[in-house]
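>>> got a predicted structure plus its sequence, pasted below:
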Amino acid sequence: MKKNTETYAEESSSGNGDSRSRYSLWQIFSSMKTAIALLLVLAAASILGTVPAVGLEDVYHTKWYAFLIALIGINLAVCSVNRFGVSWRRTFMPKISVPIKSIAGMEESRKLTSPYSIQEAGEQIKSTLRARRYCVLEQLDGNALSLYATKGRVHIWGPYLTHLSLLLIFFGAVLGERFGFDGVTMIPEGGRVATFYPKIGKTVGEAKKLGFSVGLSEFKIEHDKNHNPTAFKSNLQVYEGYRQVASKVIDVNHPLSYGGVSLLQMDYEMKSLIFKIVSPDGQVKRVPFEIETKDTAHGKTYQAVESLKEIPMGNRKLTVYVHTIAPDYIGGKQINASFMPVNPAVLMMVNDRYPEHKEMNDWTPINWLPVTKSTTYKGFKITLEKAVNSSILEVSSNPGLPIIYEGFAMIVLGIFISFYIPHRTMRIRIMPSEKGSSVIMGATNLEDASTTGGDFDRLRDVLNGAYTHDN
Amino acid sequence: MTIELGVNAFRVAFAAYAISALLYVIFLRRKSGLTGQRATLFLIVGLFAHVAAITIRTIAAGRPPFMNVYEFIMSFTFALTIIYLVIEFNMGAKSLGAFIVPLIAIFALAGNFMSSEVNPTMPALRSMLRVPHISSALLAYAAFGVASMLAITYLIQARAERTNSVFWLNRLPSAKTLDRIIYRTVAFGFFMLTIGIITGSIWAQVAWGKYWTWDPKEVWSAITWLIYAAFLHTRVTMGWRGRKSAILALVGFIATLMTLFGVTYLMRSMHSYR
């Protein structure tokens, strides 16, 4: 395969530097070999972090990993600067007249003779190529006419755009790292918070101010007909002082953003259960049981902080002992989840003669009582009225994000241009000959030669000529 | 019942692919035009059953089939078949089918052994970005899979051209042509992988508040991206063609397999959907 002289010109020009500068840092960073070596070293270093046996899980946050990425950034920047002049000239100031040898040396080339004069042949070629959306430039040297036709010049800038977009993404990432933050906060239903806990590695640091306060009016879990959760929703209100400035029901994948800070639904925790107790004589009391959630090696466990409560009601007294708390069945590892769908539910025992009678058989067990359901005991009506949840929110701010997204858009465009808008270049030289004119045509179109053949044949037809020598 | 219908349709697709694979291999040996036509016919029959399987499952489950290994293989083999057929129709070279269609049949067979249960969609996966993210990743993996098979045919043909082995020279496209299709297939895969990584990043930002969390799946997709980036650079600017390029395409596919299955089975990742 013949090399495309134009494409490779830039490489050879950077490779032929004098020996003094050959080994300068600039030369090293502008070399493609350096770029490929860096890509492969970065790939290898990244593999290390995914193999637990190596024990380098956190390699991505080390200084030398950052250094490696910085080297790639420098490499990209140097290559972009180096290529700029060449790309600019190829796009806007192409050389129209080149030696015949160069035309014959292009990827594809043909020679033909035509009965037309140089001017006529030139006009025919120009109108044919322009009809095929080529941009055609011409130059007359003595009695030979040189034409330069090109199509898809934007292709030249595809790799450029791709590389610049990577630099943009790196820049956005550094910006986010320097000026962004990332933490968690927890709001009980009906409560309001103005602080969050920044994440430091796998732990959290001292509380920091959000700059505004956030209230949670309701936390809700939605289920499908098979009782699988389909949504975790927090109804949030944002306040500046006492004034509500924003509100949104957030869900996983639907965060709330205010003042550059995003609040994302991460998790939730059951904080307390509220029992409504109606005594035989009609007195009503609401009794909260605080709940403690523990993460164990096997999953989460739920326990009442105070499992026994004495509730005097008029001249009687009801004692409730909450034995087991089953959270909502959410499919994960919930150790004391009941098999009943859509909980929470409790197992409890009641006693109206405590503490005088506290033997096992003085207590009346009450089977699983799910939320909103009631049971009766010696004239008392006991309802598990409500479970109060706390919503756990991820708090994140990343001022680099718009730049990163811009980089994303640019890289998609850049790669698309590089791969799917081919750059075709055709050079034609028309010289006078005894029977009219002789024409030599050369073309380069990276990777796809099938279309030039068609262009050449079309030119042969309009020039009413015949190939003299095919290669 | 509808779920079962979809599962059966995928079984039919597998059977058609298996017959097609066999016919492509026979075609490669005998070069009989009729066998070649039948091979393609069975592949298309399989594709129809496959489309039915995917459609039925999507309707029955109320979402596209991307949620566990069974569904993933179902979609992945579909992408493989489409990419192969595009190449066959563009090139008119059926002999490549003997290398690629067996791969499709093997994956479809493996898929049929996986649990075809319909998993509920957890809230984190309910997002508009799910379809673009997963389909672009699937197309990328499938393109890299096809490119790696083409790389093997390239190595065979390049050797045949050196040793003048008439068997292969009469059957496979020229090494130069194969080299070009490998490049185009990798380029397509690279474009899709880029889109897959980007849509994944945006999704992670929306769901977790971080566009990049160094999850093993993210890291392996980046490693795969870096290897194919090296493939493209060596080719365009260092003039690597042929053998070196083909070997790099094979290395890239090993990384692809790690991203695709290694992360699910060997590592702890948020992407381990079984």
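Nice, thanks for sending it over. All of these numbers come straight from a predicted model, not from anything done at the bench. Numbering: from 1, shown residues only, chains lettered A, B, ... in the order given.

>>> and the residue of the stretch 151-300 of chain A closest to chain B?
Residue nearest to chain B within the stretch 151-300 of chain A: residue A:228 (3.7 Å; Cβ to the nearest Cβ). For the C-beta atoms, the positions are set from N, CA and C on the backbone; glycine is no exception.

>>> excluding chain neighbours, what is closest to that residue?
residue B:120 (3.7 Å; Cβ to Cβ, 6 or more residues apart in numbering or on different chains).

>>> name the SS class of the one you found, please.
coil (DSSP: H, G, I helix; E, B strand; the rest coil).

>>> now residue A:94
Look at residue A:94: counting by three-state DSSP, its state is coil.

>>> and residue A:312, by the same measure?
strand.

>>> who's it bridged to?
In this entry, residue A:312 is beta-bridged to residue A:317, by DSSP bridges.

>>> okay, helices next: where are they in chain A?
A:5-15, A:19-22, A:25-30, A:32-50, A:63-92, A:100-104, A:118-131, A:158-179, A:401-420, A:450-462 (DSSP state H).

>>> could you tell me the least trusted of those helices?
Here those differ in mean pLDDT, and the lowest is helix A:5-15 at a mean of 38.

>>> rewinding a little: now distance to chain B and mean neighbour count too, for the helices of chain A, in a markdown table please.
Formatted as a markdown table, the helices of chain A follow (distance: least, Cβ to the nearest Cβ, whole Å; neighbours: other Cβ atoms under 10 Å in any protein chain shown):
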| stretch | distance to chain B | mean neighbour count |
| --- | --- | --- |
| helix A:5-15 | 6 | 15 |
| helix A:19-22 | 18 | 9 |
| helix A:25-30 | 11 | 16 |
| helix A:32-50 | 4 | 18 |
| helix A:63-92 | 9 | 16 |
| helix A:100-104 | 18 | 16 |
| helix A:118-131 | 25 | 18 |
| helix A:158-179 | 8 | 18 |
| helix A:401-420 | 5 | 19 |
| helix A:450-462 | 10 | 15 |
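
>>> to residue A:326, which of those helices lies closest?
helix A:32-50 (37.6 Å; Cβ to Cβ).

>>> who does that closest one touch, helix- and strand-wise?
Secondary-structure packing of helix A:32-50 (3 or more Cβ pairs under 8 Å, 6 or more residues apart in numbering or on different chains; DSSP states H and E): helix A:63-92, helix B:216-238.

>>> ok, residue A:33 - contacts?
residue B:238 (Cβ atoms under 8 Å, 6 or more residues apart in numbering or on different chains).

>>> still on that earlier bit, closest to residue A:218 out of the helices of chain A?
helix A:401-420 (29.2 Å).

>>> any idea of the mean pLDDT in the helix or strand containing residue B:48?
For residue B:48, the host element (DSSP states H and E) is helix B:33-61. Mean pLDDT, computed over helix B:33-61, is 92.

>>> which strands and helices sit next to that helix?
Checking 3+ Cβ pairs under 8 Å, 6+ apart, helix B:33-61 ends up next to helix B:2-30, helix B:69-91, helix B:97-113.

>>> hmm, try it at 7 Å
Packing partners of helix B:33-61 (3 or more Cβ pairs under 7 Å, 6 or more residues apart in numbering or on different chains; DSSP states H and E): helix B:2-30, helix B:69-91.

>>> returning to what we had before: could the helices of chain A go into JSON lines alongside distance to residue B:143?
Listed next are the helices of chain A as JSON lines, based on distance: least, Cβ to Cβ, whole Å:
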{"stretch": "helix A:5-15", "distance to residue B:143": "25"}
{"stretch": "helix A:19-22", "distance to residue B:143": "39"}
{"stretch": "helix A:25-30", "distance to residue B:143": "31"}
{"stretch": "helix A:32-50", "distance to residue B:143": "19"}
{"stretch": "helix A:63-92", "distance to residue B:143": "25"}
{"stretch": "helix A:100-104", "distance to residue B:143": "36"}
{"stretch": "helix A:118-131", "distance to residue B:143": "34"}
{"stretch": "helix A:158-179", "distance to residue B:143": "18"}
{"stretch": "helix A:401-420", "distance to residue B:143": "12"}
{"stretch": "helix A:450-462", "distance to residue B:143": "21"}
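
>>> shouldn't residue A:326 be in contact with residue A:369?
No - Residue A:326 is beyond contact range of residue A:369, at 10.1 Å (criterion: Cβ atoms under 7 Å).

>>> what's the overlap in contacts for those two?
residue A:345 (Cβ atoms under 7 Å, 6 or more residues apart in numbering or on different chains).
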